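In: 3D model of this:
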Amino acid sequence: MKSKFSEWLSRPVATYYDKWKFLFLISFAYLFIYFSVQSEISDFRFTHFLFNYEYEFLKRGLVGEIWRLAGVSVTPERVAVFSLLSFGALFVLMAGLFYQIVRLEPDRKVLWLFFCLLMTHSAFMPHFYVDLGRFDTQNYFLFLIAIFLIFKLESHFLAHLLTGLLLAVMLLIHEAVFFMFFPTLALLLYFRFKCVFSVGLLSVITVYITYAAGTYGQIQYLDPVSWYESLTQVYGESVSQYAVNIMDGRGLIENIATTFERSLAWDRFAKHISMILIFWPFYLLMWRVWKGVKLKVQETEGRFHWHIVLFVALVSPLALYPLGHDHFRWWAIGLTNFWVLVVVMCIKDRILFGQVKNILESSKKALIWAIGLSILAGPLGTTSAFVRRL
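Out: Got it, this is the predicted structure:
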């Protein structure tokens, strides 16, 4: 019987080489993100941690309520530590997920290039770092857990139940999850289990929670001015009056009008043009992958309709365009959704993995250009296209 030491010695050197390459690349990605991005907890994002259910139900109040029940006082320093830990957890989870596509054929250099793109692209982890303190980080972590459960669980009842519970938590953290992630999860559940009733019931519950958060989650206990003054007495200048005013609630038409007014400017238009110019190789790569997946899916009857999932995952966050002026945040979430689902698709379907691999091989120039331009431009911001420290 071989000892563990002899088994360790008998392993191929390439096994350790791939692992060290993986560790080197994620270390490079993390250092690149840290040293090239200016990140701080803004007053607006800090103020969201002050929302809780102590006096009444408030939208976006779940995180603050957990802190309150745990007896943890909210300070800028603690919010910064919590946000960094959340980012670190998401970074590790993303790196582990993206590495799975490399493990399918670790000798393929193009897959390592693809891994580099996924770890350093402007719309992915650098965006989450520059937007540190926002609840998107925690919600994206839960979104990935929900995807894992959908494909791991064989029981359609458990899959729908646990996904529904995760969605409820995500919606109570931030109601924008209804557009960011819900359509994608609903499609995954439908194509995985083909149960119209369960998906329909989940949709009704999700719509109700979103409606309840938006309608009954507005501040009633105090008027916004009094609430803002009471918060500043405790937390000083770290409180954002704009964040407090959001909790007073605005009508749909007023919200769209406000977003339109702030977005109708040459500066915003120029930022969109710069994003398109910088991302053109990236968009070209996306188009080739999506088109190739669609053709391959249509060749086989009954195959998982990944092309529909990828399309909805990309465009559903963009439905928030008229509702909030964080336009580049919506792009970041949509683009991340698309490529996360591409990786999941490749893990689940080796035929489609082969299709994606061939597309990447034939698109090396676009892949390299996408990596280079992304590194030069820096991360996508929220209302700004690109944000850099250097």
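In: For the lengthiest helix in the chain, the averaged confidence score.
Out: Across the chain, the longest stretch assigned as helix under DSSP state H is helix 266-299. Per-residue pLDDT over helix 266-299 has a mean of 91.
In: quick one, what contacts Ser274?
Out: 385-386 (C-beta atoms under 8 Å, 6 or more residues apart in numbering). Just so you know, the C-beta spots here come from the backbone N, C-alpha and C atoms, and that holds for glycine as well.
In: Please report how far it lies from Val387.
Out: Look at Ser274 and Val387: by C-beta to C-beta, to the nearest Å, they are 12 Å apart.
In: again, but for Leu201
Out: Leu201 sits 41 Å away from Val387, going by C-beta to C-beta.
In: Give me the more crowded residue out of those two.
Out: Using other C-beta atoms under 10 Å, the more surrounded residue of Leu201 and Val387 is Val387, with 22 against 13.
In: Name the nearest residue to that one, ignoring sequence neighbours.
Out: Spatial nearest neighbour of Val387, chain neighbours left out: Gly381 (4.3 Å); criterion: C-beta to C-beta, 6 or more residues apart in numbering.
In: For that neighbour, give me the pLDDT.
Out: 84.
In: going forward can the numbers begin at 52, since that is how I track them
Out: New numbering, starting at 52: the last item is Gly432.
In: surely it meets Trp381?
Out: No: between Gly432 and Trp381 no contact is recorded; they are 11.8 Å apart, counting by C-beta atoms under 8 Å.
In: how deep is Glu128 tucked in, by neighbour count?
Out: Residues lying near Glu128 (other C-beta under 10 Å) number 8.
In: typed the wrong thing, it's Thr98
Out: Per other C-beta under 10 Å, the neighbour tally for Thr98 reads 25.
In: What strand or helix carries Tyr150?
Out: helix 127-155 (DSSP states H and E).
In: name the helices or strands packed onto that helix?
Out: In terms of contacts (3 or more C-beta pairs under 8 Å, 6 or more residues apart in numbering; DSSP states H and E), helix 127-155 is packed against helix 64-87, helix 94-99, helix 160-171, helix 176-181, helix 187-203, helix 378-399, helix 401-413.
In: Redo these as TSV? Include distance to Glu107.
Out: Shown next, in TSV, are the helices and strands packed on helix 127-155 (distance: least, C-beta to C-beta, whole Å):
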stretch	distance to Glu107
helix 64-87	38
helix 94-99	16
helix 160-171	42
helix 176-181	31
helix 187-203	23
helix 378-399	28
helix 401-413	48
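In: Please identify the deepest-packed of those helices.
Out: Most buried of the helices and strands packed on helix 127-155 by mean neighbour count (mean count of other C-beta atoms under 10 Å) is helix 176-181; its value is a mean of 26.
In: That helix: how far from the chain's middle?
Out: Taking C-alpha atoms, centre = their mean, to the nearest Å, the mean C-alpha location of helix 176-181 is offset from the chain mean by 10 Å.
In: before we move on, what about stretch 234-254?
Out: Computed by C-alpha atoms, centre = their mean, the separation of stretch 234-254 from the middle of its chain amounts to 20 Å.
In: What's the end-to-end length of it?
Out: End-to-end distance for stretch 234-254: 9 Å, by C-alpha to C-alpha, to the nearest Å.
In: what's the answer for stretch 178-197, then?
Out: One end of stretch 178-197 to the other measures 22 Å (C-alpha to C-alpha).
In: Kindly report the same for stretch 202-213.
Out: Stretch 202-213 has an end-to-end distance of 12 Å (criterion: C-alpha to C-alpha).
In: List the buried residues in that stretch.
Out: Across stretch 202-213, burial judged by 16 or more other C-beta atoms under 10 Å covers 204, 207, 210-211, 213.
In: right, and the helix or strand after the longest helix of the chain?
Out: Sequence order places helix 357-366 as the next helix or strand after helix 317-350, per DSSP H and E.
In: contact partners of that next one?
Out: With C-beta under 8 Å, 6+ apart as the test, helix 357-366 has contacts from 234-235, 238-239, 242, 337, 341, 344-345, 348, 385-386, 388-389, 391-393, 396, 400, 403.
In: Any idea how far that helix is from the middle of the chain?
Out: Computed by C-alpha atoms, centre = their mean, the chain-centroid distance of helix 357-366 equals 15 Å.
In: where's the residue nearest to Val438 relative to Arg185, distance?
Out: For Gly432, the distance to Arg185 equals 11 Å [C-beta to C-beta].
In: ditto for His207
Out: 33 Å.
In: so where's the stretch 202-351 of the chain shaky on pLDDT?
Out: 300-306, 313 (pLDDT under 70).
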